[in-house]
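J.: sequence? don't have it. structure:
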């Protein structure tokens, strides 16, 4: 009754074609940040739309104020679940070119990997699902469940047009689960399902002492130095246990459950390798939690940048006029981003001395944390699919990063996302020499096809 | 018997010529920092040498590894004191040009001032002494005391060749007093003798956490953030009373004497005007001292610049790899610069957490504080000279800035400097629209001539 074996056989027979297809897509320099590449982003959108329609899947390219969105659906199985596949066909800028071993838009095979900008983020991972749909339609002519897709060309610029588009098409996009492959495995041959993501809020603080830089000899010691005051303020933001010292910050934090802590303790996470990879002298963070827990499941506050006064070569003997810091906080369930913004603003205003002028601005980033029910039918199906597709039981992990679109889907469509990452942590996402394991590309296509089967009731 | 009345009459008759001479010198763009202006610096040196020799004062231009030095002497009065007149004929770069109301090297009269780069710093002030010597020689044919001059073209680049030159010519340069006009009056019609200067030492601190910027979502909270640690370190450098909290920092500080505090309290220093001029919300500094005392006579520590992580527009969610701060400390007598360097290095090394890599570098600046005996015969003569030349009793002040050459003269030649400033605090030294009061230019020439007379025993 199930067609899955035929589908998998078809997939295995078409590996070479699939790799060629991926290379074709990777050759399109669809850099969404640069207006001169707008035609390329559009071309990449057309390419995926055409691939879907040629396979018999109705898809349409919708224009937006910037880059187009591809949406389509094939919902012929009433009573069966509906999945919404999300991916993005835009890529990060490739610069600096000189650090690429082979050109970013000339996909090159090396040591079992395909190197190109977008190889893993997200063209390669996105394509696994499109090709799985294609294989299903070419062999069985239909899907075992209802399938919708939404693919965008603005992920790397913050999806400005996707959110209103989802709002406007919320009925057409209704689904039980969103499927997203834009994360990574824990390590080679350690496939992972991400069931939690941190949220984020940000702010910028600027303190001003004198109205212009002053001679530090003639004025130093007699006027407030905004760098000193900013440092004092930042120093108060953590306590001696590495905890965030903004009052109320931890109030609503959903603590890790015992099963999660046990599960994380058993992950093949090598702290010495982590130290080697990051180059830090020592790991550091909130007392009472492991490095992995701090990294993926505890809220944090980081100064992303600080500046003030003279930063050039040598010295310049001034009392700087202004100093600023850019700060982001990563949130966990159930911290409310707006409440946290309010808490840090209150903290800064209360702790800023009255000798300097304060400007406080809430940052552009704001997203809630996400925690997916890891015992849902969809999660169970995903675990089975990966076990069959990769031949390995996946681990369940949470991620320190934020994928704002996941909370958007939850908020607007009311559905959880299944975050199935085929990438690897060292894929050089957003860096030169981005790559994607060719074996994992194939395993991803197989797993995606199996997942459709496993989700069918 | 005294020739001073003839000299002063001569000076008054030649005001127009003197202003033309100053304009001529100001037209030479003797910017010492820029190698393309090396011929101009030399030309300015030649100009002053020629002015001296044409007046009958033997002077020689000495080549150095960079810009030349002019040295000369006329010592025909055994038993009389010897003065060494110091000045510099190089100037700061004029940029930004667009902020100048009239071109920096086209001296322009406006509202009783002469506007040009170098007008007050130091061509105009230096020239008062050269013209006083000229007037003396043209009228009396001789000086009442022994006179030496040393004029350099590298003051604005830190006098790299002057110190070895003084060492090499220390016998020829031997004097009772050095006369320097490179400071300012307290205010218009409040001429000042500066009897104290702060010293200076500097350092740069760099902390490194991860070996490259890391994603603040995936790594934040699990690795040390060097900005946090740098801020904590800087926050510890002052206590809640605004005192420098480096242990031992105040150990040898020569405190203000009662007569100084009383004298400073009576200076026409307007704190509201100071707040308006600097643009600060409030004055701030070490508890127990007035703004004027903090500014001019108490040791200070200022972060001149700080930087780390992302400082561009918008945000970038990273844990920065490194953060640095540039710090200078202004010293008072009897703080030893080397000891203070050692104290801050010890403080930084002891307070830097072991989670980050520390680089500590002592800065290029290093100078001892200077305190001139304000009751010496030279000082008394200077006070009398100013009272006669300006018609106003001068105030005695200390300055927060450092003039390293003053401690060099003290160290190598063993003589105090008489710091007689003809400038004004708003002369825009090192800024666009530098100016010098034409009236004070004339009063300076008169005062310089009178001083030679007053110093004669």
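T.: All right, it came through fine. Just so we're clear, the structure is a prediction, and the values are computed from it rather than from any experiment. Numbers count the residues shown, from 1 in each chain, chains lettered A, B, ... in the order given.
J.: the stretch 1-150 of chain A: helices as residue ranges?
T.: Taking DSSP state H, counting those that start in this stretch, the helices of the stretch 1-150 of chain A run over residues A:4-13, A:15-26, A:38-54, A:123-139.
J.: mind listing what's buried along the last one?
T.: For helix A:123-139, burial by neighbour count (16 or more other Cβ atoms under 10 Å in any protein chain shown) applies to A:123-137, A:139. C-beta coordinates here come from the backbone N, C-alpha and C atoms, glycine included.
J.: closest to residue B:148 out of these?
T.: residue A:123 (78.8 Å; Cβ to Cβ).
J.: ok, that closest one - contacts?
T.: Counting by Cβ atoms under 8 Å, 6 or more residues apart in numbering or on different chains, residue A:123 makes contact with A:22, A:25, A:26, A:44, A:89, A:91.
J.: stretch A:107-122: end-to-end distance?
T.: End-to-end distance of stretch A:107-122 (Cα to Cα, to the nearest Å): 14 Å.
J.: now residue A:165: which helix or strand?
T.: According to DSSP states H and E, residue A:165 maps onto helix A:162-168.
J.: contacts for that helix, please.
T.: By Cβ under 8 Å, 6+ apart, the surrounding residues in contact with helix A:162-168 are A:62, A:64, A:69, A:150, A:152, A:154-155, A:173, A:405, A:408-409, A:412-413.
J.: of the residues you listed, which is the most crowded?
T.: With neighbours taken as other Cβ atoms under 10 Å in any protein chain shown, the top of the contacts of helix A:162-168 is residue A:152, carrying 28 neighbours.
J.: quick check: that one touching residue A:71?
T.: No - if you go by Cβ atoms under 8 Å, residue A:152 and residue A:71 don't touch, sitting 9.5 Å apart.
J.: quick check, pLDDT for the residue lying closest to residue A:128 once chain neighbours are set aside.
T.: Nearest residue to residue A:128, sequence neighbours excluded (Cβ to Cβ, 6 or more residues apart in numbering or on different chains): residue A:444, at 3.4 Å. Looking at residue A:444, its pLDDT reads 98.
J.: same question, residue A:212
T.: Listed pLDDT for residue A:212 reads 89.
J.: again, but for residue A:365
T.: Residue A:365 is assigned 69 on the pLDDT scale.
J.: what does the one 5 residues further on give?
T.: Reading off the per-residue confidence, residue A:370 sits at a pLDDT of 94.
J.: what's the most centrally placed residue in chain A sitting at in phi/psi?
T.: Nearest residue to the geometric centre of chain A (Cα atoms, centre = their mean): residue A:403, 4.2 Å. With angles defined as degrees, to the nearest 10, residue A:403 sits at phi -120, psi 90.
J.: where's it relative to residue B:217, distance?
T.: Applying Cβ to Cβ, to the nearest Å, the value for residue A:403 to residue B:217 is 9 Å.
J.: which residues are contacting stretch A:31-46?
T.: With Cβ under 8 Å, 6+ apart as the test, stretch A:31-46 has contacts from A:25, A:28-30, A:61, A:66-70, A:89-94, A:117, A:123, A:151, A:153-157.
J.: who's in contact with whatever helix or strand residue A:346 lives in?
T.: Here residue A:346 sits within helix A:337-351, counting by DSSP H and E. Around helix A:337-351, the neighbours that count as contacts under Cβ under 8 Å, 6+ apart are A:199-201, A:203, A:205, A:233, A:236-237, A:246-249, A:252, A:327, A:329, A:331, A:358, A:360, A:362, A:366-368.
J.: repeat the analysis, applying 6 Å as the threshold.
T.: Contacts with helix A:337-351, where a contact means Cβ atoms under 6 Å, 6 or more residues apart in numbering or on different chains, come from A:199, A:201, A:203, A:205, A:233, A:236, A:246, A:248, A:329, A:360, A:362, A:366, A:368.
J.: rewinding a little: switch the helices of the stretch 1-150 of chain A over to a markdown table; also include mean pLDDT.
T.: Converted to a markdown table, the helices of the stretch 1-150 of chain A look like this (pLDDT from 0 to 100):
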| stretch | mean pLDDT |
| --- | --- |
| helix A:4-13 | 97 |
| helix A:15-26 | 98 |
| helix A:38-54 | 98 |
| helix A:123-139 | 98 |
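J.: which of the ones you listed sits closest to residue B:186?
T.: Closest of these to residue B:186 is helix A:38-54, at 63.3 Å (criterion: Cβ to Cβ).
J.: quick revisit: got the buried residues for the helix or strand following the helix holding residue A:346?
T.: For helix A:337-351, the following helix or strand on the C-terminal side (DSSP H and E) is strand A:357-367. For strand A:357-367, burial by neighbour count (16+ other Cβ under 10 Å) applies to A:357, A:358, A:360, A:362, A:363, A:365, A:366, A:367.
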